[in-house]
Structure formats: C-alpha cells, structure tokens
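Asks: how would this look folded up:
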Amino acid sequence: MEQPLEQKQCTPCRGGVPPLDEAAARAYLADRPDWQLSGDARRIERAFRFANFAQALTFVNAVGAVAEAEGHHPDIHFGWGYATISLQTHKIDGLHENDFILAAKIDALPRP
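Replies: Numbers count the residues shown, from 1 in each chain. This is a model prediction of the structure:
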C-alpha cells in the first residue's frame, strides 16, 4: 500500500523534470476532490471560507507554517472570510507530486 500523501515529505525540485501531464494530475486529484485543476493543467487551487478575517488569517498562518516546513510555497490570496490557495512547482512551470503532498497537508489542517 502506498503511503498517503499527507504522510509524505516534499522533495527539493531543482527543475529539469517534466511537469505532470493532465492525466497524472487528475489521478492525484481523485484524492483531493475540493481542489480544482487549472485549464492548462499547470496549477491546482482551492477556496476556503471562514466566518471572519481573523479565522482566515489564522488559517493562512497555519498554511505558511506547513509550507515552510515542506520547503514548498503556495500562492495565497485571502481577506475577510476567505483564503484561496494555489499550488504549482515554479521551477518546472507545472505540477509535481509535491503540489499534491502540500494540498493533502493543507486539507488536514484544523479549521479555526
């Protein structure tokens, strides 16, 4: 049995590897149903809703801590009652298993 994504660690990506193709990205997304694949299959994104700004900020800070620990950093947009997380491996201008590992870890975070 393969190790669940949330238990894996992101591996350093120095480029030179091809990004996942759309079929592989969709296979990873089967376990992340709340995430959406971009039209060009180079990014995944998820929107989160909260009761207020403070809860959104608390969540964003938790995402930042996980991202730092994994050495893999998302694009984050947030404001009153929402946070949107976008993941892409910039070095390869597309998706890598690391993006799905971080998505799984974000999904496992407690919601404020």
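
Asks: helix or strand for the nearest residue to residue 36 once chain neighbours are set aside, which one?
Replies: Distances taken as CB to CB, 6 or more residues apart in numbering place residue 45 nearest to residue 36, at 5.4 Å, with adjacent residues excluded. The C-beta positions use only the backbone N, C-alpha and C, and glycine is treated the same way. Assigned by DSSP states H and E, residue 45 belongs to strand 44-49.

Asks: Could I get the buried residue list for the top helix by length along the chain?
Replies: Assignment by DSSP state H gives helix 53-70 as the longest helix of the chain. Neighbour-count burial for helix 53-70, counted by 16 or more other CB atoms under 10 Å, picks out 55-60, 63, 66-67, 70.

Asks: and the closest residue to residue 32 other than its chain neighbours, which of the three is it?
Replies: The shortest distance from residue 32 to any non-neighbouring residue, by CB to CB, 6+ apart, is to residue 103 (5.2 Å). Three-state assignment for residue 103 (DSSP: H, G, I helix; E, B strand; the rest coil): helix.
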